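S.K.: Requesting a structural model of the entry that follows:
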Amino acid sequence: MDGLGNIGAGKYTPAQKIPKTVAETMAKQSEILAQSRLTYDEKRGIIETEMIGRSVGAKAKNYDVLNPKTRELVHLVEGSRIEKPKNSIMAGKGRERQIDCLDWLVDKYGGTPSEWQKVKGFGYVLDEYGEERRVELHWYENPEVGKVEMKIKERNGEIYIDDD
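M.R.: You can find the predicted model right below:
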């Protein structure tokens with residue numbers, strides 16, 4: 001025991017106690033999933049998510065999202081999440097298919113060419129009536145640069161996806 005009342009040199013604190021009940025165990029698993037940006041969905045299993053912060057915080061970030069129908073930039077709904085399905089990487093690192101505009105991305109944003117990926121996911125935007133709509137998003141990302149050129153994916157002239 002040291003002079004501060006700590007036993008040994010370990011970093012154990014009472015907050016790190018091992019959960020004893022099923023509820024505590026489930027709460028601990030939820031906490032671990034939240035810290036690792038993973039979410040459990042009953043239909044889709046574990047999916048990766050990214051929280052879109054609220055604008056009052058210093059860490060809040062949001063992305064410019066191109067609405068191809070209006071050619072305007074919109075933003076994701078604050079407090080929502082970007083969900084990436086298991087096979088979210090469409091081209092680039094980790095895939096056989098290469099990114100068609102790789103030279104343009106490197107010229108405009110920089111980053112290591114072999115690290116660029118084209119990715120898809122799902123998020124929420126506000127429609128023209130101010131209602132939240134779930135949409136399919138496509139973007140490019142690089143660990144050195146982050147997410148760029150985010151846009152809403154169109155299908156048959158429509159951009160909204162029905163909520164599950």
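S.K.: all contacts plus neighbour counts: C-alpha atoms, from now on.
M.R.: Will do.
S.K.: and the closest residue to residue 114 other than its chain neighbours, what is it in contact with?
M.R.: Setting aside the residues directly before and after it, residue 114 is nearest to residue 93 in space (C-alpha to C-alpha, 6 or more residues apart in numbering), at 6.2 Å. Residue 93 sits next to 114, 115, 116, 117 when contact means C-alpha atoms under 8 Å, 6 or more residues apart in numbering.
S.K.: And the pLDDT for the last one?
M.R.: Listed pLDDT for residue 117 reads 96.
S.K.: where's it relative to residue 153, distance?
M.R.: Taking C-alpha to C-alpha, to the nearest Å as the measure, residue 117 falls 16 Å from residue 153.
S.K.: which ones are touching residue 137?
M.R.: By C-alpha under 8 Å, 6+ apart, residue 137 lies in contact with 120, 121, 122, 123, 150, 151, 152, 153.
S.K.: Now name the helix or strand holding it.
M.R.: strand 132-142 (DSSP states H and E).
S.K.: Great, nothing more from me.
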